[in-house]
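Asks: I would like to see how this sequence folds:
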Amino acid sequence: MTNSEEENSEEENSEEENSEEEDSEEEDSVLVARVCKGDHDAFQTLYDRYYRYTCLVAYGVLSRYPSLCCPPEEAKDQAQVSWVKVLLNADKYNQELRFRPWLHTIVVNTCRSFLRSRRLRPPETPVMDLEALGAPAASHYDPGGLSADEDLVLWAKKDLVLRALDSLRPDRREVFVRRDLLKWSRAETAASLGLALEQVDRRLYKARPQFAAFIRREFPDLPGGE
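Replies: Numbering: from 1, shown residues only. Next comes the predicted model:
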């Protein structure tokens, strides 16, 4: 196969993957519309598709509180509460936006309400869990198939990203995570955080160089570093 044929094949595969993702998102919207009409099978399909994700998001929020007993079990409980809210608020879903960010926001807000009810204070140094946020590289991490050296490198990279995130101001970090790690759109990010599009742009504009500067300080030999 020539280089040209290989490039065309890669482009076709990429287009097929993008098409599958778009079809999935369109199907989510259709399912939510059916839920609004009382279709229980449609709700069950959404639940089966995203239940694990909602548990991961809930655990990512709750595991930051050392004083909370049994966070895995509590995460499952709050995920269930979140799905009840999805059912009750399906008619408020904006069909122009993807379903997953909307669901993510419901889970995070549900966990925050639970924490406020328990009067739990956030840790002094918050750590954002990439797996709970649904970042692909972390959520599909499987140390079982790696050598010890590869395993070490992966965890070192994840630790570096977490520390770089912790260096950001919270309001900038939450925008940076959604836009650059989760690849949410401006509109999805703005909707989830209750911000104007211009606010999203400003916070991201300030977060990106700060994040990059932290990485450069850790690895000054990178191209463009000091």
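Asks: K37: how many residues sit nearby?
Replies: For K37, the count of nearby residues is 9 (other CB atoms under 10 Å). Bear in mind the C-beta positions are built from the backbone N, C-alpha and C, glycine included.
Asks: Pop out the phi and psi values for it.
Replies: Note on K37: backbone dihedrals following degrees, to the nearest 10 are phi -90, psi 10.
Asks: now Y93
Replies: phi -70, psi 130.
Asks: Phi, psi for the closest residue to it other than its chain neighbours please.
Replies: In space, and not counting its chain neighbours, Y93 is closest to V32: 5.1 Å by CB to CB, 6 or more residues apart in numbering. According to degrees, to the nearest 10, the main-chain angles of V32 amount to phi -60, psi -40.
Asks: And for W184?
Replies: Backbone torsions of W184, given as degrees, to the nearest 10, read phi -80, psi 160.
Asks: which residues does it contact?
Replies: Contacts of W184 were listed using CB atoms under 8 Å, 6 or more residues apart in numbering, and they are 98, 101, 178, 192.
Asks: most neighbours, which of these?
Replies: Using other CB under 10 Å as the neighbour test, the contacts of W184 are led by R178, with 24 neighbours.
Asks: Isn't it up against A190?
Replies: No. Between R178 and A190 there is no contact under CB atoms under 8 Å: 9.5 Å.
Asks: okay, and for this structure, where does confidence drop off?
Replies: Along the chain, segments meeting pLDDT under 70 span 1-26, 66, 68-71, 121-159, 220-226.
Asks: per-domain residue ranges of it.
Replies: What automatic domain parsing lists as the domains of the chain is 18-124, 125-226.
Asks: Greatest separation within the contacts of W184: which pair is it?
Replies: Spanning the widest gap among the contacts of W184 are R98 and R178, at 11.8 Å by CB to CB.
Asks: if I look at those two, which residues touch both of them?
Replies: Joint contacts of R98 and R178 (CB under 8 Å, 6+ apart) are 184, 188.
Asks: Buried ones in the helix or strand containing R217, by neighbour count?
Replies: Per DSSP states H and E: R217 is located in helix 197-218. Using 16 or more other CB atoms under 10 Å as the test for burial, helix 197-218 gives 200-201, 203-204, 206-207, 211, 214-215.
Asks: what residues does stretch 73-84 touch?
Replies: Stretch 73-84 is contacted by residues 47, 51, 54-55, 57-59, 62-63, 68, 103, 106-107, 110-111, 114 when judged by CB under 8 Å, 6+ apart.
Asks: Would you point out the most distant pair within these?
Replies: Maximum distance among those (CB to CB): 24.9 Å, for Y47 and L68.
Asks: What is the neighbour count of the nearest residue to C111 once chain neighbours are set aside?
Replies: Leaving out its chain neighbours, the residue that sits closest to C111 by CB to CB, 6+ apart is V61, at 4.1 Å. Neighbourhood size, V61 [other CB under 10 Å]: 24.
Asks: Tell me the spacing between V61 and S185.
Replies: 23 Å (CB to CB, to the nearest Å).
Asks: Can you show me the helices along this structure?
Replies: For the chain, the helices defined by DSSP state H cover 3-36, 40-62, 71-88, 99-117, 130-133, 136-139, 148-166, 170-176, 186-193, 197-218.
Asks: Can you mark which positions in the third one are buried?
Replies: Neighbour counts using 16+ other CB under 10 Å place 71, 74-76, 78-79, 81-83, 86 of helix 71-88 among the buried residues.
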